[in-house]
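> here is a sequence with its predicted model. Questions after.
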Amino acid sequence: VQLQASGGGLVQPGGSLRLACAPSGIIFSILDMGWYRQAPGKERELVAVILKGGDTTYVGSLKTRFTISRDNAKNTLYLQMNSLKPEDTAIYYCHIENFPNLRRIWGEGTQVTVSS
């Protein structure tokens, strides 16, 4: 099983980005998925989770600006990020939340930099 996040980049404050993640080597529709981020000098933190049935959970007030979604037909997880702030600057990772033997997998993240 491999995880690869994509879609990051440099964006000005107030801008938007959509991240994507397409796990390989496993049936996507059975997975509960999460987005995490790790800012420089800080620990990795949970951003949002989406269950295989589509239920979502967000951390703190991120729900007002971020939307986690999935397209099982495309085997892809998304994170739509709007009204980005400099404090959103981090490496963003997708992660499998169910199946304990898969929770240890952290693929390559994607860098998001919010700066003017």
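Cool, got the structure. Residues are numbered from 1 along each chain as shown.

> element containing residue 10, please.
Per DSSP states H and E, residue 10 falls inside strand 9-11.

> what are the pairing partners of that strand, and which direction each?
strand 110-114 (parallel) (DSSP bridges).

> in the chain, where is pLDDT below threshold?
Of all residues in the chain, none has pLDDT under 70.

> ok, back up a step: got the buried residues for the strand holding residue 10?
For strand 9-11, burial by neighbour count (16 or more other Cβ atoms under 10 Å) applies to residue 11. Quick note: C-beta positions are derived from backbone N, CA and C, even for glycine.

> go on, stretch 85-100?
In stretch 85-100, counting by 16+ other Cβ under 10 Å, buried: 88, 89, 90, 91, 92, 93, 94, 95, 96, 97.

> between those, which is nearest residue 47?
Nearest to residue 47 among the buried residues of stretch 85-100, counting by Cβ to Cβ, is residue 92 at 7.4 Å.

> so what's the residue nearest to that closest one when sequence neighbours are not counted bridging to?
Excluding the flanking residues, the one nearest residue 92 by Cβ to Cβ, 6 or more residues apart in numbering is residue 37, at 4.8 Å. Bridge pairing for residue 37 (DSSP bridges) gives the partners residue 45, residue 92.

> give me the number of residues near residue 37?
22 (other Cβ atoms under 10 Å).

> wait, residue 9 touches residue 92, no?
No - Residue 9 lies out of contact with residue 92 (Cβ atoms under 8 Å); the separation is 11.1 Å.
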